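Undergrad: Here you go, sequence then predicted model.
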Amino acid sequence: MKNKALLGNFLLILTALIWGSAFVAQSVGMEYVEPITFNGIRCIVGGFVLIIANMIFDSIRKKNGSYKKADKEEKKQLIKGGIICGIILCAASTIQTWGLAYTTAGKSGFVTALYMIFIPIVSIFMGKKTRLIVWIGVVLA
């Protein structure tokens, strides 16, 4: 159990490092290509990585017997959800990348990190309960 907690903390730190350095990479990228081009290339590379990861995880699931093929209704729901999430992600990352062409990576990272404050507030209007520890984090943020 202790190893899992240590691994989890390490992965969180690694994620923050990658996420933070991505703003610098985007900012430098804006010096060479237009925001839409940069975002398009980034999404294509990310798509290929996800396809490869999905193939690897599917083969692992097939080997250990936990693979379940989606039925027609599940596929329809997955495609619909994927399209909606894809459109929202495309719009958000395009706006963020476009904004990076006109400001610093630090300012862009700050504005993006405001989601930590907005998500719990929006969840109130959606009827979701938010734990006290989350509100403490919001106040500290």
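TA: Arrived safely.
Undergrad: gap between Val111 and Ile119?
TA: Per C-beta to C-beta, to the nearest Å, Val111 is found 14 Å from Ile119. For glycine as for every other residue, the C-beta is placed from the backbone atoms N, C-alpha and C.
Undergrad: With Tyr102 instead?
TA: 25 Å.
Undergrad: give me the element Arg42 is part of.
TA: For Arg42, the host element (DSSP states H and E) is helix 35-64.
Undergrad: Now whatever helix or strand comes next after that helix: buried residues?
TA: Per DSSP H and E, helix 35-64 leads on to helix 72-100 as the next helix or strand towards the C-terminus. For helix 72-100, burial by neighbour count (16 or more other C-beta atoms under 10 Å) applies to Ser93, Thr94, Gln96, Thr97, Gly99, Leu100.
Undergrad: circling back: compare Tyr102 and Ile119 (neighbour count), which wins?
TA: Higher neighbour count among Tyr102 and Ile119: Ile119, with 13 against 10, using other C-beta atoms under 10 Å.
Undergrad: From Leu100, how far out is the nearest residue to Phe38 once chain neighbours are set aside?
TA: Nearest non-adjacent residue to Phe38, counting by C-beta to C-beta, 6 or more residues apart in numbering: Gly29, 4.8 Å away. Separation of Gly29 from Leu100 (C-beta to C-beta) stands at 8 Å.
Undergrad: One more: Gln77?
TA: Distance of Gln77 to Leu100, computed by C-beta to C-beta: 34 Å.
Undergrad: residue contacts, Thr112?
TA: Thr112 makes contact with Phe23, Gln96, according to C-beta atoms under 8 Å, 6 or more residues apart in numbering.
Undergrad: Next, the angle helix 72-100 makes with the helix holding Arg42.
TA: 150 degrees (axes from the mean of the first three to the mean of the last three C-alpha atoms, to 10 degrees).
Undergrad: can you give me the mean pLDDT across helix 35-64?
TA: Throughout helix 35-64, pLDDT has a mean value of 88.
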